[in-house]
Each structure stands twice: as C-alpha cells, then as structure tokens.
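*Asks:* generate coordinates for the sequence data below:
(one chain, ligands or ions: 1)
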Amino acid sequence: MCGIVGYIGKRDVAPLLLEGLQRLEYRGYDSAGVVITSPKATGLKMVKAKGRVRDLEARVPKRFTGTTGIAHTRWATHGAPSDENAHPHLDGENKVAVVHNGIIDNASELRAKLIADGVEFRSETDTEVLTHLIARSTAEKLEDRVREALRHIEGTYGIAVLHADFNDRIVVARNGSPVVLGIGEKEMFVASDVAALVSHTRQVVTLDDGEMATIKADDYRTYTTEGSRTSAEPTTVEWEAESYDMGGHDTYMHKEIFEQADAVDRVLRGRIDDRFSTVHLGGLNLDAHDARKVRRVKILGCGTSYHAGMIGAQMIEELARIPADAEPASEFRYRNAVVDPDTLYVAVSQSGETYDVLAAVQELKRKGARVFGVVNVVGSAIAREADAGVYVHAGPEVCVVSTKCFTNTTVAFGLLALHLGRIRDLSVSDGKRIIAGLRQLPAQIEQMLEREDEIKKLAQEFAEAKSMLFIGRVRGYPVAREASLKLKEVSYIHAEAYPASELKHGPLALIEPALPTVAIVPDDDLLEKNRAALEEIKARSGKILAVAHQEQEKADHTIVVPKNEDELDPILMGIPLQLLAYHTALALGRDIDKPRNLAKSVTVE
Ligand code: F6R
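*Replies:* All right, here's what the predicted structure looks like:
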C-alpha cells in the first residue's frame, strides 16, 4: 500500500527521502513523489513520477536541495497510476503539499463543491480535495488549517502536510492509516512504517487514530484533532536496520524463508515453563479463572494470517478442547455476527494494520467482546486496539508475501493452545510432549531447508503447469490452503485448495495428467484415508507431489518432512511448499518480492 516519509532537520533532504521511499518499496506501489523546502526557501519544489522510485530519482533535477520534505509511494485507488495522480498534491498556488495514505470516502462530493467554487483540479485523486481544503482555510496556524480541513473528511487517512509559509514544520495526522514519528538529534522523521526510519533512529512515537502532530527540527508535539495535547513518550524499536537488508539473498522472500528457524526460536524464547509443562504468555492477561470460562474461540484474520488462524483453531480444539474456528475478518465484519461474551476473539495480523481485521476488532469491542491480538508488528494499530495478546516475534517481513510470519504465527498459536490446554484438561505428560515438539521445530526447519535443491528441480517441472490442485485433510487442509495461496501469489499459476475428503464430491472431475496435485499426507490417524485419495488421483493418471512423513508409493515424488507431534505437524509441512512457490516463480521470472497487484499491508477496504 501507499507509503509516507518525511524529514525536517539540517541534512540534504532529497537523498534521505528517496532512501526512505526505497525502504517502503516492499509495500507495493505504482508511482512516487517528493516535495521539499527549507527555512530560507520561498516556495516548494516537487518531482513526481509514475513507476518505481528509481524512475523518480532519474527525474530529480541537479539543484534540488532543501532540509525539509515529504515523500510518498502511491497505490492507486482514485485515478489510474500516472504522473499527475502521484502524490504529493499541491494547491493552485503551489503553497500546500499533501501526501496521504487511506481513502477519503466523500471525495467526489467535496470535489464537486470545490469545483463549483472555482477550484481547478490537476489530478483525479481523493487526496487533492484535502490539499484545496487546507489551502482555503483562513485560520492563522497551519495546524488549525489542517484540522479545519479534516473536519470535512469522511474516511481514512495518514497524512503529512508541508506549507511554503510555515516551512519550519511538518504537520501530520492519523485516522486508520499508520503514522510514526522518528525522533533524532536536532532532526525529526515521519513515516507510515518504521522500516523507513530505523536506519536513522530507533526512538519512535506511534500516533493513535484521531491524533495529529507537529514536527520541527528540534521539537515535536502531539495533540488530538480536537486540539487537546496528548502524551507521546517515545518507545524504542527492537528491529535492527539490518533486518531490512537482503543479507546476501537474491530476494527478501528467500531470505525470510531461510530465517524461519531463528524466528521460531525467538517466538519460543523465554516462554516455556518446564516446571508446570506449560508456557508463559506475558501479554495475555488471562488468569486461570477467566481461561476456564472461555467457551469458544473465534479467530479472525485475512489471507495468510487467516490460514495460520485455521491451524491455530485446530490446535486449540485438540489441545485445549475448546470449540474453535477461524474466519476471514473481511467476511466476519460484514455479517452482523452474533457476539458472545463467553467467546474469546483472536485477531491475527502480521502488519497489525490490515483494515478489515482492525474494523472487525473495533466492531467486536464496540459490542463488548474481549479481543486478543496475535500480531507481529509491535505497537501496531491492531496490537493497540486488542485487549491483550501475543507477539509473534518473526522480525520485519519485507517480501509482500508472508512466509516466516505465517510459521511464527502458527507456533504462537501452538503456545496459546498449550497454555489454554494446561489450564483445562491437557495432562502434564501431554504438556511435556508438546513442549518437546515445539523445541524440535527450529532444527527440523533447518533440516527441511537443506532440501532446497530437490524442491528447485521439482519447481522447474511445475512451472509449466497452467493450474494446480492442493489437497489436505483436517490438519493438512489449512496447509494446502496456504500453499495454494503462496503459489498463486508469486508464480501467478492458478491454484485451488480442497479438502482431500471432498475430492469425490466434485474436484475429481478435474483430474488429468495436465493438472498436478500437491497432497499433504501426514503420518497421523488419517494416513490411510489420505492414501486412498492418492489412489483415486493416480487411477485417473493425475500427477502427484506428496508432502509427507514417509515416501508415498502412489506419488510421483514425495518431499519427506521430519515428523513432529501430530498436533504440531502442520507448522512444518507448509515450509517446503513455500520453497516450491518461490522456485516456481523464479523459473517463471516473476517479480517475487513485489507480485503484481499486491501490497504488503492492506490498510484500505
Ligand atoms: C499472503 C499475504 C496476505 C496477508 C494478508 C493479511 O502472502 O501476505 O494474504 O496475509 O493481507 O495481512 P496481515 O497479516 O498483515 O494482516
């Protein structure tokens, strides 16, 4: 999605902003722009361009110097990707510049009114409306002009505003789209994502919805859109700047797949309690008394996080014997679901900013529900909105498609399931068994990643397929769902996931030599049933790749995965299929880290 970067200080601002934009490239965008000024300057200087940040860089004139500026990467919502629609947007006198993430719902109505008043628009964007509204305000202070303009706006925004007549400051505001201030030594930064800041400062202030801030070179203050001051103590970002580098890998996806053993080690660290064969989850705030009262668990997330939630729901049912299910948050929020006080709602999100998940959380809280977050980004909107939760500690995930965060989220659910289980009826010996299984995960992940060459060869064959079927039964089904999503996202090969148990109820009609099937075949109580499905496919000359704990006779090829405890097996079985998606996409020459049409965090509806 869109990205914002801003700087005010003493350094030459344009290179800093361009570097910041590059760090936000992973979020997905179609155009970029930058506007700058300095205390001595009399106006604003702007460049913007459709395409990549490097296209923008090529257009930056030689004498483009200044010490204050804001910049943006745009993901088209109102108006096609073009130079004109790229942000920043200026008013008619080129005095006000605005960059904006989010969507202004009443933009067309406001635009019509402004046009009737004689305002000329230069773009088709919703953002330009805001620029003109700020420019038309006669309030004395820039902050009041912005505040006045925002009063007309319905929708979501994270904005940064620069004004030629107030060039000692940048004014920012947040409503539904992240804004983070970075506090430096006699310099300040602003961004929509800490990724753009961490190479300069680790001291950050994250704005809340309804909050604004003014940043000057040596000072910042935060206040509500109504004008009352808010306290904004900086916090320290844990993630290192190096986490955002490629670290010798050709793509972030590859790097992040190979970081999984370390990432899983992190999510487990300090949480296992051998004495009671359970785990400590510090942020959960759920005492044993309350945990026993939970009658149902409902997990909400989107895309890959939803799939991790499906695995989580199964673990919770199996280990804690609490009825649990997962549902796409994007569906849940629109269906006027019955909200039950004895249900524990769990919102899952890597970014912590996915609008559909956030909206579901807000709706649940409005109805009095208790909502936990299983989130990767510390201090993100969902993490803050949730009543309590578990951080998944995967570290920054830069590739648009999620890999290590999926795995860590499933492990975090394993911890939650064990915790709830041991408060309820899971025995000490089962607790010990699960803990031993969790501890084995990092080494087993390493073992699996050693099979990359084998998977790469297979991917070369699969790259020729027009479509693929992924099947799994019970524990294997969410794994099939996630593997199918991964393949289509990065390779653009059509893929469909189906419960293996449903094969004969329809999808069997599709089986033919040209449609490869990837079958998830764990060594659990359903092994024979899964083998029967393989037979049915083979009998129809279907090509089969099995992901299993032992060679499968009916499969054309088996990727043998190390066996863990039955309940934890799904955590491992998706990993070779991440590599399969990766190498298939590589063989097809796809833009792996930034697949077409996709964005890292979907902060709009
Ligand atoms: C898939 C992918 C998306 C995200 C989804 C939710 O690889 O990355 O499907 O999982 O957009 O994002 P988060 O987890 O940030 O809420």
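*Asks:* skip the chain neighbours and tell me the closest residue to the closest residue to the ligand within the chain.
*Replies:* Closest contact between the chain and the ligand, by C-beta to the nearest ligand atom, is at residue 303 (1.8 Å). In short, each C-beta sits where N, CA and C put it, glycine included. The shortest distance from residue 303 to any non-neighbouring residue, by C-beta to C-beta, 6 or more residues apart in numbering, is to residue 485 (6.7 Å).
*Asks:* also residue 76?
*Replies:* Using C-beta to C-beta, 6+ apart, the closest residue to residue 76 is residue 30 (5.5 Å).
*Asks:* for that neighbour, grab the count of nearby residues.
*Replies:* Number of residues near residue 30 (other C-beta atoms under 10 Å) recorded here: 18.
*Asks:* contacting residues for residue 401?
*Replies:* By C-beta atoms under 8 Å, 6 or more residues apart in numbering, residue 401 lies in contact with 253, 304, 486, 489-490, 581, 595, 598.
*Asks:* rewinding a little: quick one: contacts for the residue nearest to residue 76?
*Replies:* Applying C-beta under 8 Å, 6+ apart to residue 30 gives the contacts 50-51, 74-76, 81.
*Asks:* same question for residue 58.
*Replies:* By C-beta under 8 Å, 6+ apart, the residues touching residue 58 are residue 49.
*Asks:* related to what we said a few turns ago, what is the nearest of the contacts of residue 30 to residue 451?
*Replies:* Distance ranking of the contacts of residue 30 against residue 451, using C-beta to C-beta, places residue 75 first at 36.4 Å.
*Asks:* flag every residue of this structure that's near the ligand.
*Replies:* Contact residues, the chain versus the ligand (C-beta under 6 Å from any ligand atom): 302-305, 349-351, 354, 357, 401-402, 485, 489, 601-602.
*Asks:* highest neighbour count among these?
*Replies:* Counting neighbours by other C-beta under 10 Å, residue 349 comes out on top of these with 34 neighbours.
*Asks:* how about the residue nearest to residue 303, secondary structure?
*Replies:* helix (DSSP: H, G, I helix; E, B strand; the rest coil).
*Asks:* follow-up on the earlier one: just to check, the residue of the chain closest to the ligand is in contact with residue 402?
*Replies:* Yes - the pair residue 303 / residue 402 is scored as a contact, 7.4 Å apart, by C-beta atoms under 8 Å.
*Asks:* so residue 211 bridges to which residues?
*Replies:* On the basis of DSSP bridges, residue 211 is bridged to residue 174, residue 224.
*Asks:* which ones among the contacts of residue 401 lie within strands?
*Replies:* Judged by DSSP state E, the contacts of residue 401 include no members of strands.
*Asks:* just to revisit the earlier point, which one of the contacts of residue 30 sits closest to residue 442?
*Replies:* residue 75 (35.7 Å).
*Asks:* before we move on, back to that, out of the residues of the chain next to the ligand, which sit inside helices?
*Replies:* If you go by DSSP state H, the residues of the chain next to the ligand have 303-305, 357, 485, 489 in helices.
*Asks:* re earlier: put the buried members of the contacts of residue 30 into a ChimeraX selection.
*Replies:* Typed into ChimeraX, the line below selects the buried ones among the contacts of residue 30, using 16 or more other C-beta atoms under 10 Å:
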select :50,51,74,75,76
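*Asks:* could you point out where the protein is predicted with low confidence?
*Replies:* Within the chain, the stretches with pLDDT under 70 are 1, 604.
*Asks:* what do you get if the cut-off is 80, keeping everything else the same?
*Replies:* For the chain, the stretches with pLDDT under 80 are 1, 26-28, 77-78, 238-244, 599-605.
*Asks:* report the central residue of it.
*Replies:* Ranked by distance to the mean C-alpha position of the chain (C-alpha atoms, centre = their mean), the top residue is residue 351 at 3.5 Å.
*Asks:* if we can go back for a sec, report the two of the ones in helices among the residues of the chain next to the ligand separated the most.
*Replies:* Most distant of those, by C-beta to C-beta, are 357 and 489, 18.4 Å apart.
*Asks:* now the end-to-end length of stretch 535-543.
*Replies:* For stretch 535-543, the separation between the terminal residues is 11 Å (C-alpha to C-alpha, to the nearest Å).
*Asks:* just the buried positions in it, please.
*Replies:* For stretch 535-543, using 16+ other C-beta under 10 Å, the buried residues are 536-538, 542-543.
*Asks:* and it, how far out from the chain's middle?
*Replies:* In this view, stretch 535-543 has its centroid 38 Å away from the chain centroid, taken as C-alpha atoms, centre = their mean, to the nearest Å.
*Asks:* what's it in contact with?
*Replies:* Applying C-beta under 8 Å, 6+ apart, the set of residues contacting stretch 535-543 is 503-504, 508, 511-513, 515-517, 519, 544, 554, 556.
*Asks:* repeat that with 10 Å
*Replies:* When contacts are defined by C-beta atoms under 10 Å, 6 or more residues apart in numbering, stretch 535-543 is touched by residues 461-462, 465, 468-469, 471, 500, 503-504, 507-519, 534, 544, 553-557.
*Asks:* after the helix or strand where residue 419 lies, next one along is what?
*Replies:* Taking DSSP states H and E as the criterion, residue 419 maps to helix 404-423. Later in the chain than helix 404-423, the nearest helix or strand by DSSP H and E is helix 428-449.
*Asks:* just the strands in the stretch 101-250 of the chain please.
*Replies:* For the stretch 101-250 of the chain, applying DSSP state E, counting those that start in this stretch gives strands covering 157-163, 170-175, 180-183, 188-191, 203-206, 211-216, 219-224, 235-236.
*Asks:* redo these as TSV? Include mean neighbour count and distance to residue 270.
*Replies:* As requested, the strands of the stretch 101-250 of the chain are exported to TSV (neighbours: other C-beta atoms under 10 Å; distance: least, C-beta to C-beta, whole Å):
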stretch	mean neighbour count	distance to residue 270
strand 157-163	27	34
strand 170-175	26	32
strand 180-183	24	27
strand 188-191	28	30
strand 203-206	21	24
strand 211-216	22	32
strand 219-224	16	32
strand 235-236	10	18
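*Asks:* any chance of the ones you listed in CSV, plus distance to residue 429?
*Replies:* Listed next are these as CSV, based on distance: least, C-beta to C-beta, whole Å:
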stretch, distance to residue 429
strand 157-163, 50
strand 170-175, 50
strand 180-183, 46
strand 188-191, 49
strand 203-206, 44
strand 211-216, 50
strand 219-224, 52
strand 235-236, 41
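*Asks:* now stretch 133-141, how far from the chain's geometric center?
*Replies:* The mean C-alpha position of stretch 133-141 is separated from the chain mean by 36 Å, C-alpha atoms, centre = their mean.
*Asks:* what about that stretch, start to end distance?
*Replies:* Stretch 133-141: ends 14 Å apart by C-alpha to C-alpha.
*Asks:* ok, stretch 586-599 next?
*Replies:* With C-alpha to C-alpha as the measure, stretch 586-599 spans 19 Å from end to end.
*Asks:* cool, and stretch 193-202?
*Replies:* Terminal residues of stretch 193-202 lie 12 Å apart, using C-alpha to C-alpha.
*Asks:* list the residues that contact the residue nearest to the centre of the chain.
*Replies:* 1, 27, 178, 193, 305, 357, 375-377, 380-382, 397, 402, 405, 600-603.
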